[in-house]
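**Q** Predicted model and sequence follow; I will ask about them next.
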Amino acid sequence: MAEVAFIIVAAITLASAFFVVFSPKLMYSGVALFFTLFGVAGLYVFLYADFLAATQIMVYVGGIMVLILFGIMLTNKIASTDLRQTNRGRFMAGLGAFILFLFMAYIALTAQWHTGSPQLLDATVAKLGLLILYQYLLPFEVASILLLAALIGAALLSRKK
Amino acid sequence: MDNLQSYLIISTILFSLGLFGVMTRRNGVAVLMGIELILNAASLNFVAFNRFGGMRELDGQVFGIFIIVLAAAEAAVALAIIINLFKNHETVNIDSADQMKG
């Protein structure tokens, strides 16, 4: 049963990711990205990362997705709907991306990864909180400064002259 | 299906698709979507290795949280730049932003 659910979630993720990249209409790409991000959140649930799945849905689906949809709608001209969406190098880019995919898939399937018994966890929030506030305190504070800088920078870039 | 390799294959496909989108799309927002796919693939790898790599702590999930934070900051700044490009050049085709090309 869990296997069927995993295959369904993985298929939704990958199919909508294909649609994001290959759809000629930008708005359809944006909606497909919505399903891709939901699918990745579902994969986090299969990996027992419950807090990360909730964060993915809240930040990506609730925040970044809305930003991207606003970006599509604000920069859309009616005359530009039938323009080509890809540039001239798409055959070479596709070949390069496909060769890189084959190379990485070969490594992923044949390498002797250092694996142990899978973690079985009930709740990750308490452990994650302790890790962030003890071992990863400095990156946490640096991330807060980064977010402040991004906030100020985005407001400065998008204000009226 | 509950092993490391299936997650690695999924994230490899996501990464390759995102890379193809970043290289071929002309619209700046679509390039940003490709970058989001790449970041999601990297985060999925961190979490998968954290579960199956024989680790006792949750360091990989902390990295996933930091990747989400970075993606949020990057998306905000990138969209501000793209909207400014649209205001100044009436286009979001990033190939046409070549004023500094020698």
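**A** Great, that's in hand.
**Q** Closest to the centroid, which residue in chain A?
**A** residue A:37 (5.6 Å; Cα atoms, centre = their mean).
**Q** CA atoms of whatever helix or strand that one lives in as CSV?
**A** Using DSSP states H and E, residue A:37 falls within helix A:26-46. Extracted as CSV, the C-alpha positions of helix A:26-46 are listed here (Å, rounded to 0.1, in the frame of the first residue of the first chain):
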residue,chain,number,x,y,z
LEU,A,26,4.1,30.3,-18.6
MET,A,27,0.9,30.3,-16.5
TYR,A,28,0.6,26.5,-17.0
SER,A,29,4.2,26.1,-15.9
GLY,A,30,3.4,28.0,-12.8
VAL,A,31,0.4,25.8,-11.9
ALA,A,32,2.5,22.7,-12.7
LEU,A,33,5.2,23.9,-10.3
PHE,A,34,2.5,24.1,-7.6
PHE,A,35,2.0,20.3,-8.0
THR,A,36,5.7,19.6,-8.1
LEU,A,37,6.3,21.4,-4.8
PHE,A,38,3.4,19.5,-3.2
GLY,A,39,4.8,16.3,-4.5
VAL,A,40,8.2,17.0,-3.0
ALA,A,41,6.4,17.7,0.3
GLY,A,42,4.8,14.3,0.0
LEU,A,43,8.2,12.7,-0.6
TYR,A,44,9.4,14.4,2.6
VAL,A,45,6.5,12.7,4.4
PHE,A,46,7.7,9.3,3.1
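**Q** I'd like the next helix or strand past it.
**A** Sequence order places helix A:50-55 as the next helix or strand after helix A:26-46, per DSSP H and E.
**Q** Let me see the contact set for the residue of chain B found nearest chain A.
**A** Proximity of chain B to chain A (Cβ to the nearest Cβ) peaks at residue B:54, 2.1 Å away. In this view, the C-beta of every residue, glycine as well, is placed from N, C-alpha and C. Residue B:54 is in contact with A:114-117, counting by Cβ atoms under 8 Å, 6 or more residues apart in numbering or on different chains.
**Q** which residue sits closest to residue B:27 in space, ignoring its chain neighbours?
**A** Spatial nearest neighbour of residue B:27, excluding adjacent residues (Cβ to Cβ, 6 or more residues apart in numbering or on different chains): residue B:92 at 5.3 Å.
**Q** wait, isn't the one you found in contact with residue B:81?
**A** No - the criterion here is Cβ atoms under 8 Å, and residue B:92 misses it with residue B:81 at 10.3 Å.
**Q** Overlap of the contact sets of these two?
**A** Residues touching both residue B:92 and residue B:81 by Cβ under 8 Å, 6+ apart: residue B:28.
**Q** which residue sits closest to the residue nearest to the centre of chain A in space, ignoring its chain neighbours?
**A** Leaving aside its chain neighbours, residue A:37 sits nearest to residue A:60 (4.5 Å; criterion: Cβ to Cβ, 6+ apart).
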